[in-house]
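Student: mind looking at a prediction? Sequence and model below.
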Amino acid sequence: MLTRIQAQFDHVAETYFDGFDYDLAERELGYLMALDLDLDMCSASLRLTKTVVEATINDKGACHIIKMLIVANASLQT
């Protein structure tokens, strides 16, 4: 009796759920984890850029180079 019921459930599952994504929740979790990793990498890159720019600005020798680049860029735009 149980074998026949199991066979009918298998038949219904094959008929109506063929191509159904059983792992939908797992794929969505994977997408969210990938997005989280991308945001972490972007945040780390921005923090590193901020640190490098601050260090460069605080360096007196580099400050003159930055000012020269700003003046040169302004003169090219006019």
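Tutor: Cool, the structure landed.
Student: list the helices and strands the strand or helix carrying Met41 packs on?
Tutor: Using DSSP states H and E, Met41 maps to helix 24-58. Applying 3 or more Cβ pairs under 8 Å, 6 or more residues apart in numbering; DSSP states H and E, one finds that helix 24-58 contacts helix 60-77. Backbone N, C-alpha and C define where each C-beta goes, glycine included.
Student: can you tell me what sits against the helix it packs on?
Tutor: The contact list for helix 60-77 (Cβ atoms under 8 Å, 6 or more residues apart in numbering) reads Thr56, Ile57.
Student: now do it: distance to the chain's middle.
Tutor: 34 Å (Cα atoms, centre = their mean, to the nearest Å).
Student: could you give the angle of it to helix 24-58?
Tutor: Per axes from the mean of the first three to the mean of the last three Cα atoms, to 10 degrees, the angle that helix 60-77 makes with helix 24-58 is 100 degrees.
Student: picking that back up, give me the mean pLDDT for the helix holding Met41.
Tutor: What helix 24-58 shows for mean pLDDT is 88.
Student: from Ala55, how far off is Thr49?
Tutor: Taking Cβ to Cβ, to the nearest Å as the measure, Thr49 falls 11 Å from Ala55.
Student: meant to ask about Tyr16, not that
Tutor: 63 Å.
Student: appreciated, that's everything.
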